[in-house]
Structure formats: C-alpha cells, structure tokens
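[1] This is a predicted model, with the sequence first.
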Amino acid sequence: MLAALAVLLQSATPAPASPPSCSTPEYRQLDFWVGDWDAEFDLPGGKTGRAVNRITRDEFGDCVIAEHFEQADIGYVGASHSTYDPLKKKWVQTWVDNQGAYITLAGGPVVGEDHSFELVTLEPRGPKKVHSRMIWQDVRPDSFTWRWQGRKADGSWADSWVIRYKRRK
C-alpha cells in the first residue's frame, strides 16, 4: 500500500524545471569583461585613483556575470549582476554599493558608435531625473575604457567618471 502511494505521488509531482542553457551567442557578448582588472581614473589635483574589479561568470552558473569593484583607499565597494534577457533581447544589470546605490540598467552591443557596448539606466535618477549610461570603449584583450555618463539637456552624453582598465597579469 505504501509503495503504491509513493509511486502515485512521484508521478503527480512535476519534474523540476531545467536551468536555461545560456548557450546562445548573445550570452557571450559581455565575455570580454570577464577577468581580474586594475582600474585607474583621474582625480582632482592631477592625482590618480586606483581600484580593482573582479568580473566572474561562474558564481551563478554560466548565465550571470558578477562584478566585484573595490576602491580600497576610500573603502568603496560595489557589485553588479548582469545577464542576457532573451525576452527583452537585451542585457540587464543591477548595481549596488556600500553607499546605498541601487541602479538598474539595460542595453547591449552597439554598432556604428564610438563604443562597443552600453547599458542605460531604466529609470532616471536623482532630483533632476537624469538618465545615465555606462559604455565600454576601445575594447582589447588586455584593456578597455569604461565611461559613466549623464544625459545633458540637449540629449548628448557627458562623462561623469572615466576608468582605464588593464587586465591583471
């Protein structure tokens, strides 16, 4: 009797959903970013800021790119998770940091521009409701330039933070 009940329950229980394969080429579009990076950026007074950024693809399986940014000298840390959304046909990212920021962005590869990849904020931020974006520019196997930009009143973009990345050896 118990054996029959166990068989009945097993057949009534749906099989667990299989994880997405994440094997289409779209899921590889941001692979250039994966790795360990040294980051430098200009500070006021001619000084140079330094940070490290570790980008992985293995924490949540092959479907998610995880970012771990740290500027140790000022105690700043932040993290993002990015994945390709096949329904939207866009990359989506969520950023959080130890200063209370929470930013959601979406975008992907760009053709015919001066950069190869961009993510744009989904909601305007701040008291003036400014749209922002990040772009990856001059992407090479061991370096690239990353820009955080805000949209100006005329619709053009202006740099707020420019970081030069070099792959750690």
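    Noted; the coordinates are in hand.

[2] Of all the residues in the helix or strand hosting residue 150, which ones are buried?
    Residue 150 is located in strand 143-151, with elements delineated by DSSP states H and E. Neighbour-count burial for strand 143-151 flags 144, 146, 147, 149, 150, 151 (criterion: 16 or more other C-beta atoms under 10 Å). Just so you know, the C-beta spots here come from the backbone N, C-alpha and C atoms, and that holds for glycine as well.

[3] which residues touch that strand?
    Residues from elsewhere that reach strand 143-151 (C-beta atoms under 8 Å, 6 or more residues apart in numbering): 32-33, 39, 115, 130-138, 157-167.

[4] Identify the bridge partners of the residue positioned nearest the centre of the chain.
    Centroid-nearest residue in the chain: residue 82, 4.3 Å away (criterion: C-alpha atoms, centre = their mean). Assessed by DSSP bridges, residue 82 has beta-bridge partners residue 65, residue 93.

[5] Just the strands from the chain, written as ranges.
    35-42, 48-56, 65-71, 76-85, 90-97, 102-109, 117-121, 132-140, 143-151, 157-167 (DSSP state E).

[6] Who are the packing partners of the second one?
    If you count contacts as 3 or more C-beta pairs under 8 Å, 6 or more residues apart in numbering; DSSP states H and E, strand 48-56 packs onto strand 35-42, strand 65-71.

[7] isn't residue 77 right up against residue 53?
    No. Residue 77 lies out of contact with residue 53 (C-beta atoms under 8 Å); the separation is 10.7 Å.

[8] Between the two, which contacts overlap?
    Common neighbours of residue 77 and residue 53 (criterion: C-beta under 8 Å, 6+ apart): 68, 69, 70.

[9] Make JSON lines out of those and add distance to residue 44 and pLDDT.
    As requested, these are exported to JSON lines (distance: C-beta to C-beta, whole Å; pLDDT from 0 to 100):
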{"residue": "68", "distance to residue 44": "26", "pLDDT": "98"}
{"residue": "69", "distance to residue 44": "21", "pLDDT": "98"}
{"residue": "70", "distance to residue 44": "21", "pLDDT": "98"}
